[in-house]
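Asker: next one to model:
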Amino acid sequence: ISLKSKHQQTITPIMKLFTAAAVMLAFATDAAVSAQTIADIVVASPDHTVLEAAVLAAPSAVLNLLSDTSMSLTLFAPDDSAFGALIGAVGEDYVNALLTPEWGNHLVCVLASHVLDGAVPSSAITGPLIATSLYGTDLSLDNVEGAITVDGNPVTAADIMASNGIIHSISGLPILPSCVTRSIVDIGSADASFSTLVSLVVAAGLADALTTTLPITLLAPTNEAFGDLPAPVLEYLAGNVTALTEVLLYHVLPGNKFFDAAPNPGTFETLLEGKTVEIEVGIDGITEINGASDMTSLDILASNGVIQVIDAVLIPPGFTVPAVPSAPVAAPIAAPVAAPTMPVGGGKKGMSESKSVSKKSKKSSGKRHSRRGLRQ
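Answerer: Sure, this is the predicted structure:
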């Protein structure tokens, strides 16, 4: 486990020894409870019925992890009152949607953000600490005169021992990572490499739609991709809202579409009526769109869907553009535009939270591509 004080002081070996002794004492004095796994305790708890439903609805990796007796884990377990507060903030429909298979990756993101690698008893939380969850989310732990909090949410029952770790029950709200608090527009606005895309989305009047419509998948061209367009084409789009809207809607797919761990090639409808895109995996392993654009970063989770980063702007079939010079001219890049305010707070991580990135060379063009691995 990665635990640091807010002054960047790591837990000392003496503290670790004390922590280990406390865990051993708790196991010894509560053998009946410790015979159960974390999953067993959650399923049996009358105060954690929504958490139980979430664990059982998530991809099987979550239940397997919490049932694995070879692991040593800490679970911050939101009780039913915490989920009730979440429903009051974002609505029952959104919470129920997270329990469906289409939102499985988002649910893994949420649940894994409540789990630490290593058993951390309450006695180890002596003041402000930063702990990194299994999903990579940084959690703020604190202890003020014996009152322990996690991201400001109170621990109401501490040190519930399990055979594979410790449970601390929390109220207030569940831990909310960026995958459920930051929209597609929020994430794009926070990354300077998408400033041109965001400015065009705002110019077309689509910012609200790409913030609230769900679920959707955005095929997101970078500034470099827009820079590869001939300047007159970009100027034409910027000055023609109808044409710009058509091109942007051609980059949006209905539903959550994932292409990293299990590529799903085929023909996909877009939000531009009657227009589709062809997505396939090339012999080099790169996911390609219409044979003209590559996905360079995959499966970035947002509160209303997924972002797939692409390296070329897609032009709808039959779309007429003005005559242009044969050589492309770099287009000016607009400044980032502030995103609309989301109804739920608590997100800490940027785009890097959703997937880890590795580089891969494409022999046919010499381009560098990054692919993201699922944290499950």
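
Asker: okay, strands next: where are they in the stretch 151-300 of the chain?
Answerer: Ranges of strands in the stretch 151-300 of the chain, per DSSP state E, counting those that start in this stretch, are 153-162, 165-170, 216-221, 252-254, 266-269, 276-281, 287-289, 293-302.

Asker: output the second one as PDB, nothing but the C-alphas.
Answerer: What that stands for is strand 165-170. The C-alpha coordinates for strand 165-170 follow below in PDB (Å, rounded to 0.1, in the frame of the first residue of the first chain):
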ATOM      1  CA  GLY A 165      -8.300  -7.900   5.300                       C
ATOM      2  CA  ILE A 166     -10.200  -5.100   7.100                       C
ATOM      3  CA  ILE A 167     -13.400  -3.300   6.400                       C
ATOM      4  CA  HIS A 168     -14.200   0.300   7.500                       C
ATOM      5  CA  SER A 169     -17.800   1.300   7.000                       C
ATOM      6  CA  ILE A 170     -18.300   4.800   5.800                       C
END
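
Asker: adjacent strands (with direction) for it?
Answerer: If you go by DSSP bridges, strand 165-170 pairs up with strand 73-78 (parallel), strand 153-162 (antiparallel).

Asker: CSV please, covering the strands of the stretch 151-300 of the chain and showing mean neighbour count, distance to His48 and mean pLDDT.
Answerer: From N, CA and C alone the C-beta is placed, and that goes for glycine too. Shown next, in CSV, are these (neighbours: other Cβ atoms under 10 Å; distance: least, Cβ to Cβ, whole Å; pLDDT from 0 to 100):
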stretch, mean neighbour count, distance to His48, mean pLDDT
strand 153-162, 19, 10, 97
strand 165-170, 24, 7, 98
strand 216-221, 24, 32, 98
strand 252-254, 19, 34, 97
strand 266-269, 12, 38, 96
strand 276-281, 16, 40, 94
strand 287-289, 20, 39, 94
strand 293-302, 24, 24, 96
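
Asker: on the three-state scheme, the nearest residue to Gly127 once chain neighbours are set aside is what?
Answerer: In space, Gly127 comes closest to Asn143 once its chain neighbours are excluded; the distance is 5.8 Å by Cβ to Cβ, 6 or more residues apart in numbering. State at Asn143, reduced to three classes by DSSP: H, G, I helix; E, B strand; the rest coil: strand.

Asker: returning to what we had before: looking at the strands of the stretch 151-300 of the chain, which is nearest to Leu98?
Answerer: With Cβ to Cβ as the measure, strand 293-302 is the member of the strands of the stretch 151-300 of the chain nearest Leu98 (11.4 Å).

Asker: which stretches of the stretch 251-376 of the chain have low pLDDT?
Answerer: For the stretch 251-376 of the chain, the stretches flagged by pLDDT under 70 are 322-376.

Asker: turn the strands of the stretch 151-300 of the chain into a markdown table, including distance to Ser67.
Answerer: Below are those laid out as a markdown table (distance: least, Cβ to Cβ, whole Å):
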| stretch | distance to Ser67 |
| --- | --- |
| strand 153-162 | 10 |
| strand 165-170 | 11 |
| strand 216-221 | 32 |
| strand 252-254 | 35 |
| strand 266-269 | 35 |
| strand 276-281 | 34 |
| strand 287-289 | 33 |
| strand 293-302 | 25 |
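
Asker: between these, which one is closest to Asp138.
Answerer: Closest approach to Asp138 among the strands of the stretch 151-300 of the chain is made by strand 153-162 (14.8 Å; Cβ to Cβ).

Asker: list the contacts of that closest one.
Answerer: 26-27, 30, 33-34, 36-38, 40-41, 76, 78-79, 82, 121-122, 147-149, 166-173, 175 (Cβ atoms under 8 Å, 6 or more residues apart in numbering).

Asker: related to what we said a few turns ago, to Met71, which of the strands of the stretch 151-300 of the chain lies closest?
Answerer: The closest of the strands of the stretch 151-300 of the chain to Met71 is strand 165-170. By Cβ to Cβ, the value is 6.8 Å.

Asker: wait, Ala77 touches His48, no?
Answerer: Yes - contact criterion Cβ atoms under 8 Å: Ala77 and His48 qualify, at 5.7 Å.

Asker: more neighbours: these two, which one.
Answerer: More neighbours surround Ala77 than the other of Ala77 and His48, with 26 against 22 (other Cβ atoms under 10 Å).

Asker: let me have the strands paired with strand 165-170 in TSV, extended by distance to Leu107.
Answerer: Formatted as TSV, the strands paired with strand 165-170 follow (distance: least, Cβ to Cβ, whole Å):
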stretch	distance to Leu107
strand 73-78	13
strand 153-162	19
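
Asker: the residue nearest to Gly127 and Val55: what is the separation?
Answerer: Between Asn143 and Val55 the distance is 27 Å, computed by Cβ to Cβ, to the nearest Å.

Asker: the two: which is more packed in?
Answerer: Taking other Cβ under 10 Å, Asn143 and Val55 do not tie; Val55 has more neighbours (22 against 17).

Asker: was I right to think that one contacts Val108?
Answerer: No - between Val55 and Val108 there is no contact under Cβ under 8 Å: 10.6 Å.

Asker: so what sits against both of the two?
Answerer: Common neighbours of Val55 and Val108, using Cβ under 8 Å, 6+ apart, are Val62.

Asker: ok so, going back, quick one, what contacts the residue nearest to Gly127?
Answerer: So Asn143 contacts 122, 125-127, 149 (Cβ under 8 Å, 6+ apart).

Asker: got a winner among those for most neighbours?
Answerer: Counting by other Cβ under 10 Å, Ile125 has the largest number of neighbours within those, with 21 neighbours.
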